[in-house]
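With the sequence up front, the predicted model follows.
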Amino acid sequence: MSKSHAAHPDRLLPADPATRDIARRLLASVEDLPIISPHGHLDPTMFTTDEAFPNPTELLISPDHYLTRVLHSAGHSLADLGVGGHEVDPKAAWRIFCSNWHLYAGTATGYWVEQEFEHVFGIDPTRISAENADTIYDELNEILSRPDFRPRALAEEFNLEVLATTDDPLDDLAAHKQLRDDASFTTRVLPTFRPDAYTKMYKDGFAEGVEKLIQTAGGGKTGYAGYLEAMRNRRAYFIEAGATSADHGTHNTDSTPLSDAEAQRLLDKGMRGEATFEEALAFEANMTYRFAEMSQDDGLVMTLHPGVYRNHSASAFERFGADVGADIPFQLDYTRGLQPLLSAFGENPDFHFVMFTIDETVFSREIAPLAGYYPAAYAGAPWWFIDEIDAMNRFRQYTTGTTGFSRYSGFIDDTRAYCSIPVRHNTSRRVEAAYLARLVAEHRISEDRAAEAIVELIDASPRKVFKL
Amino acid sequence: MSKSHAAHPDRLLPADPATRDIARRLLASVEDLPIISPHGHLDPTMFTTDEAFPNPTELLISPDHYLTRVLHSAGHSLADLGVGGHEVDPKAAWRIFCSNWHLYAGTATGYWVEQEFEHVFGIDPTRISAENADTIYDELNEILSRPDFRPRALAEEFNLEVLATTDDPLDDLAAHKQLRDDASFTTRVLPTFRPDAYTKMYKDGFAEGVEKLIQTAGGGKTGYAGYLEAMRNRRAYFIEAGATSADHGTHNTDSTPLSDAEAQRLLDKGMRGEATFEEALAFEANMTYRFAEMSQDDGLVMTLHPGVYRNHSASAFERFGADVGADIPFQLDYTRGLQPLLSAFGENPDFHFVMFTIDETVFSREIAPLAGYYPAAYAGAPWWFIDEIDAMNRFRQYTTGTTGFSRYSGFIDDTRAYCSIPVRHNTSRRVEAAYLARLVAEHRISEDRAAEAIVELIDASPRKVFKL
Amino acid sequence: MSKSHAAHPDRLLPADPATRDIARRLLASVEDLPIISPHGHLDPTMFTTDEAFPNPTELLISPDHYLTRVLHSAGHSLADLGVGGHEVDPKAAWRIFCSNWHLYAGTATGYWVEQEFEHVFGIDPTRISAENADTIYDELNEILSRPDFRPRALAEEFNLEVLATTDDPLDDLAAHKQLRDDASFTTRVLPTFRPDAYTKMYKDGFAEGVEKLIQTAGGGKTGYAGYLEAMRNRRAYFIEAGATSADHGTHNTDSTPLSDAEAQRLLDKGMRGEATFEEALAFEANMTYRFAEMSQDDGLVMTLHPGVYRNHSASAFERFGADVGADIPFQLDYTRGLQPLLSAFGENPDFHFVMFTIDETVFSREIAPLAGYYPAAYAGAPWWFIDEIDAMNRFRQYTTGTTGFSRYSGFIDDTRAYCSIPVRHNTSRRVEAAYLARLVAEHRISEDRAAEAIVELIDASPRKVFKL
């Protein structure tokens, strides 16, 4: 460990000495627990092939829109960072990153990268600079070539017990099956059913995708009936391959069901490319309801990630495609949008419905009251832009008064950056310790209860909520 | 007093030693002031009959939706808790509560109940558990049978100077009159005019209620004229019985007035059960304006509690009726909705208009700017889901910069749980002390000024705003 | 310096001793830097005439709606405070202010005024009271008559390097030119192009103004073409006179462009006074887009101040006119409203677009994600109601995790109160020191990096963003 601030054992803990002492004790009880990651975006084949990561740029920079968007805001072209498959000299891209390292100070991404350098790669992050760019690149390259930095070795090093991926309904899940049958690899790698591409009429390729879905898995049925049947069949296939949850990145929270006739009518329009945006949203809302209905039968946990304006920058979308950092949150309503779904299924304790948000304003107003009443409803951990130290603390402050510690999804890293997994989970553990220590210091709960609560939050919650 | 954290004299005060010392001094100056409760939901006949409370379950659990919703979220049936009049073995319900006591840690309800046990009943709350459920039930039963735990004796013990109830416009207020004329009972028990049932066409029983209202109190007039006359007459009756305020639980904040002809037209549709939801809201908005207009003449303080989606769970409503915890806040606008009302009446300093919210996003954006400009407008204390330690502190942080300490309603317990009254008011006093101590520690106000301010917030504000 | 809390060297710094020590060191490095004020509402002729301020009331009270609204909320007539040009005995108005000094405790305005007394006028603010009103008035009057309290001398005393004013497009900017050519006055006084009066069809005088604008500066063109030409010409004139930015106080954030034909059609309706409110907003939105388009060519920084319901109190507007404190924020969307503008121009790093808000809910949800992606987009400093100690701290907490320290406009005082300028900027410096000290104390950034960051925030950001 270096002597930098990034190595300090009290990082993220409260400055007040008495509160910090409590936080230290709470943290110690969970810091070494295994990692449970029930939602993320890694490719499972990384564990079947177990190849060395190609180079620092392809591992750490090009695929991570958290990181590239900061450089982009400073005027650097995404093309020069290898985003969207653009060919790039990896050392040149790395130099851009190192030369702009000062931009990351204070950001969530900056903290994670710093922690990766310090605690995963053993490189003092205060060395990162334009001058040291090439040296660090070479050091990292050397590290990445070592056998103990292969994906499977790192999984063991990270103490990664469960890792869920996000998968297309038509994926054959071959990698997942292979890993499940491989006794030499102990991390449980689970698929997650993510049908978004087949529910959004306003996205390119909708009709082709749906046609293929129905043909492949509709059990001979056609139209809306075949569509629903295909969804049910593929969910069963995912469950067979180990899936415990289905994830839904919807435009908004609307969950108003349609009659079969109306759904068929809209599906027909969508297949012909004639649906208006409003009709497309009505169909998507119906499917949010229908997926909840399917969960009543097949038991898949349902997670909802709404409220993102995708590809906000038209010019960047044309040049680099989706997922380049130009996705911007917008304001959402949960109370009214989810009323049809929760009113129908929310009283069922065996149905697990996790509400994520990147609109913090709904924490105390909507999410905590919903999760604090409905047996099915859980407050999802802060996600994406608010997966960040202060925001995670606000999440606790805005929800706990209504929900306590039992209505929480557990921490979600939601990441494409493999080496950030241990540091993100560590961040979460420190934030929980800091929050709980304050409650103890203010005599709002006993330290004994806080010691139980932190284990609930870190370990018991994700196991329970995601049915692991 | 026990040795539990719940008994700690510094509970809720800041952990920083220097700030805590200031907070201790501020708290000491208000901790023993009498309780003024200008809005709540107790039944005034509890003081005329002065009967012993039947048992711990009927006193503490069944009627308190704050408490039962937590158990419900954990999968317990509301029926097993005696909600909605369901017959239940009180000891069995009590065991459910005690077995789930860990769920309440960190919640507002948990803190209040803990404080009640410690400071009202003298029972160490750390003893609550499945194992001790029956023993504690019996201990509480014994306590409740003692003369000093009758409602009137507790009122004295609680130092309860003023207690307002919430009453139907056609209530005869017999209990209030009896208490007013009873020199042996010194707590001032005031009725509050709450006409919601007669303004919401979208609620069952609207037509029958309005018909009865006009017949009973319309002074011989009919239609909308009789309706307004009846409202004026019943307000006068309430004022005669001691009322100083009228409370309005509206759907939203809209206060757009209608012409008499249009109001008559909508009322006719509502009486025939033919009004659309939009028409019903337009009529409700008109009445919000008309009640403000009436206050110009009769001087009743006007309080507004908008923004709750009532009976969100259709299935729970069918089984248990209203007020079972399935009410969920939604987002509101105050600036535009209240513009007609405030533009017409807000410049009148003798008109007192208190804006409550459970949508925290309007604190700094709308409520503080409105209360900091209009002589009539006051910021209502955090309510319901945000009547909670951290949220109360946020309320101060989000409003004080614009309003200072003079535009505040005073603390509102809004409770059905009699024994929680002293602990809720104590919570408020501690939160104010903690907040003000920080301002002093940061040299933003002098400690002398803070010592005045805390008395204003706790004692002078409710007396002034509610015209007590 | 007095011994009052207002003189304490640690004011606004954190109470925790270790964190405070860090904050002291950070503050020391920026406390004496020159003041850069890139947006405000002073009259530049104050520096050309350099006359003594008339009296304390006309300097400090009548023109400052932050201050008079507090007195108004307490029931004092704006007329008695000299608002809106009402004739008033300045000593009588001063007595009202001093008698109500307790109302300002805890407010942003109270803090600023207190600091002005202590640090600008050298008067212990704890002396302010009804009893001392006349004495303090006389003392201040004496001070204001001294040569070192003339505007130019104060500019030097305040270390005021840059001061931008806000100006009508048809202003001849004579004062600005005179000051630019006056080598004896070193403060750089810049005009700002503010075309609001010519873009809002719903405001009185729109048609007359636009007619004059086109005639004066349309270069012989007529209609919408002449209108755009006039805007371009006057922007060039402003740039010639030193302007680096254009400010836009729009109703909302909509930036949807119109075709020329549609814009012409709406302009015609607006000129005839026949445009609906929706049409007026559509035209305003189009102009938001067009001004951004002009900035691509002429390089003016574009700042946007949306979301205020102006003249909320109809009766006050009739009596006192605009800008009397009855302006109330309302909720806004930035993600969707600004999509046309940012999608078209946001990728241009030479275009500087500063997003202000008084709706705090958009900090983490919309402003930080936009500023953290688009090279053109910057997060504007908290403004108006949220230009306040706790809100400024919240701004940092809600944005830094996504934006770091490089996407910030620099502090904006936005003031009509000349003597508040140094204390407002000092407030900002203390808030930044307090925020950064916490990050250091929590080992989230190194103290070295924090020491660089505070200089960036205070000094480098406004220079860079406003192209100074």
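It's in.

The residue of the stretch 51-200 of chain A found nearest chain C - how many residues pack around it?
Using C-beta to the nearest C-beta, the closest approach of the stretch 51-200 of chain A to chain C is made by A:G75 at 3.8 Å. (Each C-beta comes from the backbone N, C-alpha and C, glycine too.) Residues lying near A:G75 (other C-beta atoms under 10 Å in any protein chain shown) number 13.

That one contacts C:P349, doesn't it?
Yes: the pair A:G75 and C:P349 passes the contact test of C-beta atoms under 8 Å, sitting 3.8 Å apart.

Extract the C-alpha trace of stretch A:8-17 and format it as CSV.
The C-alpha coordinates for stretch A:8-17 follow below in CSV (Å, rounded to 0.1, in the frame of the first residue of the first chain):
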residue,chain,number,x,y,z
HIS,A,8,-5.9,5.6,4.2
PRO,A,9,-7.8,3.0,6.2
ASP,A,10,-10.3,5.6,7.3
ARG,A,11,-11.2,6.8,3.8
LEU,A,12,-14.9,7.8,3.5
LEU,A,13,-15.4,7.5,7.2
PRO,A,14,-16.7,10.5,9.2
ALA,A,15,-14.1,13.0,10.4
ASP,A,16,-15.6,13.3,13.9
PRO,A,17,-13.3,11.1,16.0
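
Now tell me what touches that stretch from outside.
If you take C-beta atoms under 8 Å, 6 or more residues apart in numbering or on different chains as the criterion, stretch A:8-17 is touched by A:5, A:20, A:23-24, A:27, A:389, A:427, A:430-431, A:433-434, A:437-438, A:441, B:15-16, C:14, C:16, C:18-19, C:438, C:441-444.

before we move on, what about stretch A:223-235?
Residues outside stretch A:223-235 that contact it (C-beta under 8 Å, 6+ apart) are A:169-170, A:193, A:195, A:198, A:210, A:213-214, A:216-221, A:243, A:246, A:260, A:263-264, A:267-268, A:290-291, A:294, A:298, A:300.

Could you give the secondary structure assignment for A:E116?
Secondary structure, DSSP: H, G, I helix; E, B strand; the rest coil: A:E116 is helix.

And for it, the neighbour number?
22.

need the contact list for it.
By C-beta under 8 Å, 6+ apart, the contact set of A:E116 is A:60, A:419-420, A:423.

Mind picking the one among these that's closest to chain B?
A:V423 (26.4 Å).

If we ignore the residues flanking it in sequence, what's nearest the closest one?
A:Q115 (3.7 Å; C-beta to C-beta, 6 or more residues apart in numbering or on different chains).

sorry, back to before: who touches both of A:G75 and C:P349?
C:P375.

Now, the contacts of stretch A:223-235 that are in helices?
A:210, A:213-214, A:216-217, A:260, A:263-264, A:267-268, A:290-291, A:294, A:298 (DSSP state H).

and the residue of the stretch 251-400 of chain A nearest chain B?
Across the stretch 251-400 of chain A, the shortest distance to chain B (C-beta to the nearest C-beta) belongs to A:P349, at 3.8 Å.

Okay, that residue and B:A314: tell me how far apart.
In this view, A:P349 and B:A314 are 17 Å apart by C-beta to C-beta, to the nearest Å.

Just to be sure, A:T303 is in a helix?
No: per three-state DSSP, A:T303 lies outside any helix segment and is strand.

Surely it touches A:H39?
Yes: between A:T303 and A:H39 there is a contact under C-beta under 8 Å: 6.6 Å.

Mutual contacts of these two, please.
What both A:T303 and A:H39 touch, as defined by C-beta under 8 Å, 6+ apart, is the set A:245, A:247.

Buried only: go through the ones in helices among the contacts of stretch A:223-235 for me.
The neighbour count (16 or more other C-beta atoms under 10 Å in any protein chain shown) marks A:210, A:213-214, A:217, A:263, A:267, A:290-291, A:294 as buried among the ones in helices among the contacts of stretch A:223-235.

Show me which pair in the residues you listed is furthest apart.
Greatest spatial distance in those: A:A217 and A:A263, 17.9 Å, computed using C-beta to C-beta.

on that earlier part again, return the member of the contacts of A:E116 nearest to chain C.
Taking C-beta to the nearest C-beta as the measure, chain C lies nearest A:V423 of these, at 12.9 Å.

Which strand or helix spans A:R429?
Taking DSSP states H and E as the definition, A:R429 sits inside helix A:421-441.

Just name whatever secondary elements that helix is in contact with.
Helix A:421-441 is packed against helix A:17-28, strand A:35-37, helix A:108-115, helix A:389-403, helix A:447-455, with contacts defined by 3 or more C-beta pairs under 8 Å, 6 or more residues apart in numbering or on different chains; DSSP states H and E.

any idea of the mean pLDDT for the third one?
For helix A:108-115, mean pLDDT rounds to 97.

Which residues does it contact?
A:6, A:60, A:64, A:66-67, A:70, A:103-104, A:125, A:387-389, A:417, A:420, A:423-424, A:426-427, C:401-402, C:404, C:444.

switch to 7 Å and redo it
A:6, A:66-67, A:70, A:104, A:125, A:387-389, A:420, A:423-424, A:427, C:401, C:404, C:444 (C-beta atoms under 7 Å, 6 or more residues apart in numbering or on different chains).

next one: the fourth one
Contacts to helix A:389-403, defined as C-beta under 7 Å, 6+ apart, come from residues A:12, A:108, A:111, A:360, A:363-364, A:367-369, A:371-372, A:379, A:382, A:427-428, A:431, A:434-435, B:106-108, B:385, B:388-391, C:364, C:397, C:401, C:444.

try 6 Å this time
For helix A:389-403, contacts defined as C-beta atoms under 6 Å, 6 or more residues apart in numbering or on different chains pick out A:363-364, A:368-369, A:371-372, A:379, A:382, A:431, A:435, B:106-108, B:385, B:388, B:390, C:397.

Likewise for the last one?
Around helix A:447-455, the neighbours that count as contacts under C-beta under 6 Å, 6+ apart are A:26, A:29-30, A:405, A:432, A:436, A:440, B:105.

how long is stretch A:98-115 end to end?
15 Å (C-alpha to C-alpha, to the nearest Å).

tell me which residues in it are buried?
A:98-115.

Same question for stretch A:215-227.
A:217-218, A:224, A:226-227.

what do you get for stretch A:432-449?
Using 16+ other C-beta under 10 Å as the test for burial, stretch A:432-449 gives A:432-446, A:449.

Check stretch A:184-200 too.
Result for stretch A:184-200 [16+ other C-beta under 10 Å]: buried residues A:185, A:187-200.

now stretch A:49-64
Buried, per 16+ other C-beta under 10 Å, within stretch A:49-64: A:53, A:55-57, A:59-64.

can you pull the contacts of the residue of the stretch 251-400 of chain A with the smallest separation from chain C?
Closest contact between the stretch 251-400 of chain A and chain C, by C-beta to the nearest C-beta, is at A:E388 (3.5 Å). Residues near A:E388 by C-beta under 6 Å, 6+ apart: A:108, C:401.

how about A:M271, what does it touch?
Here A:M271 is in contact with A:A207 (C-beta under 6 Å, 6+ apart).

my bad, A:P38
Counting by C-beta under 6 Å, 6+ apart, A:P38 touches A:164, A:462, A:466.

Name the member of those residues that has the highest neighbour count.
In terms of neighbours by other C-beta under 10 Å, the contacts of A:P38 top out with A:A164 at 28 neighbours.

From C:A175, how far out is it?
Going from A:A164 to C:A175 by C-beta to C-beta gives 66 Å.

do the same with A:G346
Distance from A:G346 to C:A175, by C-beta to C-beta: 65 Å.

neighbour count winner among those two?
A:G346 (26 against 21).

tally of neighbours for the closest residue to the more buried one other than its chain neighbours?
Excluding the flanking residues, the one nearest A:G346 by C-beta to C-beta, 6+ apart is A:Y374, at 3.6 Å. Counted with other C-beta under 10 Å, residues neighbouring A:Y374 total 30.

No further questions, thank you.
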